[in-house]
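Engineer: Just to be clear, the model below is a prediction. Sequence and coordinates:
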Amino acid sequence: MTKRIILLFAAIILAVSLGACQKKEEQPVPKAPMQSPMAQPSDLTQPMKTPEAMPPHGQMGAPQGDMAKKEQKTVKVPDDVKKSWKKVRLVFADKGTKKTKDYTVDVNSQFEIEGTKLKVAVGEFLPNFKMMDSTITSGSNEPTNPAVRVEILEKGQSIFKGWLFAKMPEIHPFESDKYGLILKEGIRK
C-alpha cells in the first residue's frame, strides 16, 4: 500500500511538473492603425487617441538622474528664413460645433480666436525644423519639416507652449476636450 501511495504521489508531481513546463500559446499583438502624416482639419474635431497611461502634454513626472538637468534650448532663425517666411496659416477646430477656421497670421504676433477665451502667441517659424544639442534652428529655407512655436493662453493662463509641425501634427499637438490647433503651412512673403 505504501508503494501505491508513493507512486500516486510521484504521478501527481510529474503531472504538475509537465503542466508547468508547457508553453502557453502566445496571442498576437494587434498592430496600431497607420495614421496619415498630414492631419486634415476634420481630424481636429475628433478626440486624439492617446494611451490611457500617458499623461497629457506638459504633465510628465519629474525627470530622474541626468534628465533632471534639463537644458534650455536656444532658437536660432537663420537670416534667409527671417527674410522669406513672414506668415503662417493655422487651422483652429471647435470640437463642440465640429467647425474649423483658418487663421493667417504674422510670425511673432498674437491673435485671439473668435468666440473663445483663447489667445495664441505665434513665435518663430522654421521651414526645416532641426534640433541639435542646445539649439533649435532651420536646416534649410525649404519647407521640408515646417514648424512654428506657439503659446496658447486661456483666460490669460498658459495652457500650451510648444512647437506645431505641419507634416507631423501628431507630434506634440495642442489638444483639449474643446479645441484643436494645427500648423497648416508657412507662407513666404
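Structural biologist: Thanks, I have the structure now.
Engineer: Could you check which helix or strand contains P169?
Structural biologist: Using DSSP states H and E, P169 maps to neither a helix nor a strand.
Engineer: right, and it touches K184 too?
Structural biologist: No - the pair P169 / K184 is not scored as a contact, 9.2 Å apart, by Cβ atoms under 8 Å. Where you see a C-beta, it was placed from the backbone N, CA and C, and this is true even at glycine.
Engineer: Looking at the two, which is more packed in?
Structural biologist: Set P169 next to K184 and count neighbours by other Cβ atoms under 10 Å: P169 wins out with 25 against 19.
Engineer: gap between the more buried one and Q72?
Structural biologist: Relative to Q72, P169 is positioned 25 Å away (Cβ to Cβ, to the nearest Å).
Engineer: what's the answer for K87, then?
Structural biologist: Separation of K87 from Q72 (Cβ to Cβ) stands at 27 Å.
Engineer: For E175, report the pLDDT, please.
Structural biologist: Per-residue confidence (pLDDT) for E175: 82.
Engineer: Can you list the strands that the host helix or strand of V88 pairs with?
Structural biologist: If you go by DSSP H and E, V88 is part of strand 85-94. As defined by DSSP bridges, the strand partners of strand 85-94 come to strand 99-106 (antiparallel), strand 179-188 (antiparallel).
Engineer: got the CA coordinates for that strand in CSV?
Structural biologist: Output of strand 85-94 as CSV, limited to C-alpha atoms (Å, rounded to 0.1, in the frame of the first residue of the first chain):
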residue,chain,number,x,y,z
TRP,A,85,8.8,83.5,-44.2
LYS,A,86,6.6,86.2,-42.7
LYS,A,87,3.3,84.4,-42.0
VAL,A,88,1.8,81.1,-41.1
ARG,A,89,-1.6,79.5,-41.7
LEU,A,90,-3.1,77.8,-38.6
VAL,A,91,-6.2,75.7,-38.5
PHE,A,92,-8.4,76.0,-35.4
ALA,A,93,-11.1,73.4,-34.7
ASP,A,94,-14.0,73.8,-32.3
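Engineer: neighbouring contacts of that strand?
Structural biologist: Applying Cβ atoms under 8 Å, 6 or more residues apart in numbering, the contact partners of strand 85-94 are 41, 44-45, 99-107, 113, 115-116, 120, 122, 125, 127, 148, 150, 164, 178-189.
Engineer: show me where pLDDT drops low in the chain?
Structural biologist: Low-confidence segments of the chain (pLDDT under 70): 1-5, 7-11, 13-71.
Engineer: What ranges does the chain have for its strands?
Structural biologist: Under the criterion DSSP state E, strands of the chain are mapped to 74-76, 85-94, 99-106, 109-112, 118-126, 129-132, 135-138, 147-154, 157-165, 174-175, 179-188.
Engineer: of all these, which lies closest to I12?
Structural biologist: Proximity to I12, assessed across the strands of the chain by Cβ to Cβ, is greatest for strand 174-175 (57.6 Å).
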